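Undergrad: Have a look; sequence and predicted model below, questions after that.
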Amino acid sequence: MDNYSLDDIFIRDFDRKTQEIAVETEDLRVFYGDNEAIHGVSLPFERYKITSLIGASGSGKSTFLRSINRMNDNIDGTRVTGKIMYRDVDINSDNVDIYEMRKHIGMVFQRPNPFAKSIYDNITFAPKRFGEHDKQKLDEMVETSLKQAALWDQVKDDLHQSGLSLSGGQAQRLCIARAIAMQPDILLLDEPASALDPISTSTVEETLMTLKDQYTIIIVTHNMQQAARISDYTAFFYSGKALEYDETRKIFTRPKIKATEDYVSGHFG
Ligand SMILES: Nc1ncnc2c1ncn2[C@@H]1O[C@H](COP(=O)(O)OP(=O)(O)OP(=O)(O)O)[C@@H](O)[C@H]1O
């Protein structure tokens, strides 16, 4: 099973003539010291669609996801080669302003991590750091992003309560609201519902389905039902490679590679 070469990747079979691509990786490789964890992954991410990254533990999903907005730069000894094309710019190059780039490509982590600040301040934190101090604009930003994250109705009467006082599902939607306050193009989510109960999971999923009207979403998930429910495209990761990529319904009904079929049907991983 380890013998797949890059030529085995079925991306080349994929008809992308009509696609508008929001971000795309080309031969992306990630090294932790001497260990190559991602082996030349080339994947397109279509605008206003949800793409799931699935695969067994250790297959490289999170490493790949974190590379897209260069979160791996924060880890000592990590090296990333290859291209990440965003609006005709390779954002993996040295001259890119990483903080500016992350305004366009935001991230939500596995565990809800609101700041120990009010709901209002959680959302306005980054916009203020980027120089927005107009109270009316900040108020509008808070309302819009909380509405988009489907949290507004529950918190609008007390925006000054602590972000830490929210339930897990609410806190994760606050983190989504915080990520979209900067109006990014692309939202990266690393197992955003894995720490949540089924009801909170379903509200987060509904939120993501609504958000794709305005954002391109890339999500790592271990939950096959979740990938099948919410995503338009799915990439199956195996040993640091994107072994198969296609429309989600094809990955789940007619995968081209046996390893994909085994994984989605629960035979390994
Ligand atoms: N900070 C790190 N330092 C060194 N090696 C790492 C680091 N993070 C991940 N790795 C290694 O990179 C490989 C891919 O790990 P990664 O966490 O990306 O996989 P994953 O598919 O997201 O797994 P999981 O589903 O368990 O989160 C693994 O071999 C892992 O041990």
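TA: Arrived safely, thanks for sending.
Undergrad: Go ahead and confirm Glu246 touches Tyr233.
TA: Heads up, residue 246 is Asp, not Glu. Yes: here Asp246 reaches Tyr233: they are 7.0 Å apart, a contact under Cβ atoms under 8 Å. C-beta coordinates here come from the backbone N, C-alpha and C atoms, glycine included.
Undergrad: These two - which one has more neighbours?
TA: Of the pair Asp246 and Tyr233, Tyr233 is the one with more neighbours under other Cβ atoms under 10 Å, namely 24 against 20.
Undergrad: Name the nearest residue to the more buried one, sequence neighbours excluded.
TA: Once flanking residues are discounted, Tyr233 sits nearest to Thr51: 4.3 Å by Cβ to Cβ, 6 or more residues apart in numbering.
Undergrad: do the same with Arg249
TA: Arg249 sits nearest to Ala228 (Cβ to Cβ, 6+ apart), 8.0 Å away.
Undergrad: next one: Met71
TA: Counting by Cβ to Cβ, 6+ apart, Met107 is the residue found nearest to Met71 once chain neighbours are left out, at 6.6 Å.
Undergrad: Need the pLDDT of Asp13.
TA: Note on Asp13: pLDDT of 42.
Undergrad: Let me know the average pLDDT across the helix or strand encompassing the residue nearest to Met71.
TA: Assigned by DSSP states H and E, Met107 falls within strand 105-108. Here strand 105-108 scores 94 as its mean pLDDT.
Undergrad: what about that strand and the ligand, any contact?
TA: No: legend: contact between strand 105-108 and the ligand by Cβ under 6 Å from any ligand atom is lacking; minimum distance shown is 14.0 Å.
Undergrad: Name every strand pairing with that strand and say which way it goes.
TA: strand 186-190 (parallel) (DSSP bridges).
Undergrad: Can you dump the C-alpha atoms of the host helix or strand of Leu208 in CSV for me?
TA: Applying DSSP H and E as the criterion places Leu208 in helix 198-211. Output of helix 198-211 as CSV, limited to C-alpha atoms (Å, rounded to 0.1, in the frame of the first residue of the first chain):
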residue,chain,number,x,y,z
PRO,A,198,-23.7,15.7,18.6
ILE,A,199,-26.1,18.7,18.8
SER,A,200,-23.3,21.3,18.9
THR,A,201,-21.6,19.4,16.0
SER,A,202,-24.7,19.7,14.0
THR,A,203,-25.0,23.4,14.6
VAL,A,204,-21.4,23.9,13.6
GLU,A,205,-22.0,21.9,10.4
GLU,A,206,-25.1,23.9,9.6
THR,A,207,-23.0,27.1,10.1
LEU,A,208,-20.3,25.9,7.7
MET,A,209,-22.9,25.0,5.1
THR,A,210,-24.2,28.5,5.3
LEU,A,211,-20.8,30.1,5.2
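Undergrad: Can you give the contact residues for it?
TA: 50, 148-150, 167-170, 172-173, 176, 180, 187, 189, 192-193, 196, 217, 219, 223, 226, 229-230 (Cβ atoms under 8 Å, 6 or more residues apart in numbering).
Undergrad: how far is it from where the chain is centred?
TA: Distance, stretch centre to chain centre, for helix 198-211: 14 Å (Cα atoms, centre = their mean, to the nearest Å).
Undergrad: Going along the chain from it, find the next helix or strand for me.
TA: strand 216-220.
Undergrad: That next one - contacts with which helices or strands?
TA: Where contact means 3 or more Cβ pairs under 8 Å, 6 or more residues apart in numbering; DSSP states H and E, strand 216-220 is packed against strand 44-46, strand 50-55, helix 61-68, strand 186-190, helix 198-211.
Undergrad: Strand 50-55 and the third one, what's the angle between them?
TA: For helix 61-68 against strand 50-55, the angle by axes from the mean of the first three to the mean of the last three Cα atoms, to 10 degrees is 140 degrees.
Undergrad: hmm, helix 61-68 touching the ligand?
TA: Yes: on the criterion Cβ under 6 Å from any ligand atom, helix 61-68 is in touch with the ligand at Lys61, Ser62, Thr63.
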